[in-house]
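# coordinates for the following, if possible.
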Amino acid sequence: MPDGYALITGANGYVGGLLARRYLDSTDRALVLCVRDALGAGSEPPAQATADRVRLLVADLTTPAPFACVDRQLRDRIVEIVHCAALTRFDLEAGPAQAVNVHGTEQVLRLATECPNLESLGLVSTIYTSGLHAGPILEQAHDGTAGFANLYEWSKWAAEELFLSRYAGLPARVLRLATVIADDDTGTVTQLNAFHTTLKLFFHGLLSLIPGRPTTPLYFVTGDFVTRAVLELMDPRQLNGIYHVSHGRADSLTLDHAISVAFEVFGSVEEFRRKRILRPLTVDQESFELLVAGMTSLSGGLVGRALRSVAPFARQLYVTKELDNTQLRASIRTYSAPDPEVLVRRTCESLVRTRWGKHSVAA
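Numbering: from 1, shown residues only. Down below sits the predicted model:
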């Protein structure tokens, strides 16, 4: 076993947990798994925490000195850091977004400067740090001038800016992830996100209108693809820089195509057919924003809540991005893109089969 440790923040989150498992299965690297609270907030310590190669570190990144418990001996042995910890909700408010996604990233960057044998640092980000910029989205710094659909996007952009402006001397890779819709190419879903929730609203007939242009491309990846790519990019021989851990437009579906696939899958379910639910219609941005504003003024209501759940990301669905992943494809041996229609179809089938997580995946 190598002397050095890989420290993974957010290790009891979805991406952090998958990445820890990938390290354990594919390398002989010892791990420090960093979690905010091993027992609190309804979370549990990662299953990997009992492995011989794993140390569990409890550190709240919103506190002034979260890594005070990391002694000099351990800092000397940390050779890799992958920063996965973040709040990823699209309805984030300014305070939590700043405290966790920006201030928390700076705490990790400070720790990195105090690890004399650090060989590589991975900052997990999102392709949506490009904000509302349309057209080519390159693997380079964004200026933020196009604005953002929500504070989550802004906070991840601000974290990138913090690194590039104050800590650019670190051996770092900015890893911008596309939307993870399944664990792997089988479409298995073990953690729901906004994409899955929106499909659930469609299935129950609670969203008859969808914001966006039918031709807007959607960029989807799997957890398996993400962790394989991150592990390769963390190799010290890889170049520092910005990588889009995503597929390009040619390997992505449009909004209209994705909705068609979902409704084809839903149509195979008797419960759905019996309700005679119509395929949702796309609506222009101004009309959708007026609709959300009108429903917000009303008290409660399933339809109002459904619209508000989609609203924080809605502006992105009117933006046509041409995502570039040239540096990613040139840097990893394992790059391959699944058929996007097959992936969305299998994901929808998994959601229907498990009733969005109510039943076990095996069922």
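# give me the three-state assignment for the closest residue to T347 other than its chain neighbours.
Nearest non-adjacent residue to T347, counting by CB to CB, 6 or more residues apart in numbering: G187, 4.2 Å away. Where you see a C-beta, it was placed from the backbone N, CA and C, and this is true even at glycine. What DSSP: H, G, I helix; E, B strand; the rest coil gives for G187 is coil.
# G187 - how many residues pack around it?
Other residues near G187 come to 21 when the count uses other CB atoms under 10 Å.
# do the same with L87
18.
# host element of it?
Following DSSP states H and E, one finds L87 outside all helices and strands.
# so it is in contact with Q98, correct?
No: L87 is beyond contact range of Q98, at 10.3 Å (criterion: CB atoms under 8 Å).
# name the residues contacting each of those two.
S155 (CB atoms under 8 Å, 6 or more residues apart in numbering).
# contacting residues around the residue nearest to T347?
343, 345-350.
# from those residues, which single one is nearest V79?
Distance to V79, by CB to CB, is smallest for L343 among those, at 34.4 Å.
# may I ask you to confirm that that closest one is in contact with F220?
Yes: with contacts counted by CB under 8 Å, L343 reaches F220, the gap being 6.5 Å.
# so the residue located most distally from the centre of the chain, which state does it fall into?
In the chain, counting by CA atoms, centre = their mean, R274 sits farthest out from the average C-alpha position, at 34.8 Å. Under three-state DSSP, the three-state class of R274 is helix.
# contacting residues around it?
Contacts of R274 by CB under 8 Å, 6+ apart: none found.
# tell me the helices in the stretch 1-150 of the chain, going along the chain?
14-26, 72-77, 94-96, 104-113 (DSSP state H, counting those that start in this stretch).
# what do you get for the stretch 201-350 of the chain?
Under DSSP H, counting those that start in this stretch, the stretch 201-350 of the chain gives helices at 223-233, 255-266, 270-275, 285-296, 302-314, 326-331, 340-354.
# from L138, how far off is E322?
Applying CB to CB, to the nearest Å, the value for E322 to L138 is 9 Å.
# neighbour count winner among the two?
L138 (16 against 12).
# what backbone torsions are found at that one?
Backbone torsions for L138, taken as degrees, to the nearest 10, come to phi -90, psi 160.
# my read is that it contacts L323, right?
No: counting by CB under 8 Å, L138 does not reach L323; the two are 9.0 Å apart.
# domain map for this protein?
Following automatic domain parsing, the chain resolves into domains at 5-181+219-251, 194-216+252-321+338-354.
# if we can go back for a sec, and the helices of the stretch 1-150 of the chain: which comes nearest L170?
Among the helices of the stretch 1-150 of the chain, helix 104-113 comes nearest to L170, with 5.3 Å by CB to CB.
# quick one: distance of that closest one to the chain centre.
20 Å (CA atoms, centre = their mean, to the nearest Å).
# where does the stretch 151-300 of the chain dip in pLDDT?
Low-confidence segments of the stretch 151-300 of the chain, defined by pLDDT under 70, span residues 296-300.
# rebuild the contacts of G187 as a markdown table, extending it with neighbour count and distance to A6.
Output for these, formatted as a markdown table (neighbours: other CB atoms under 10 Å; distance: CB to CB, whole Å):
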| residue | neighbour count | distance to A6 |
| --- | --- | --- |
| L343 | 25 | 29 |
| R345 | 17 | 35 |
| R346 | 22 | 31 |
| T347 | 27 | 30 |
| C348 | 26 | 35 |
| E349 | 17 | 35 |
| S350 | 22 | 30 |
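# picking that back up, out of the domains of the chain, which gets nearest to S331?
Of all these, domain 5-181+219-251 comes closest under CB to CB, at 5.7 Å.
# may I have the distance across that closest one, first residue to last?
The straight-line separation of the ends of domain 5-181+219-251 (CA to CA, to the nearest Å) is 36 Å.
# what does stretch 199-210 give?
By CA to CA, the extent of stretch 199-210 from end to end equals 11 Å.
# appreciated, that's everything.
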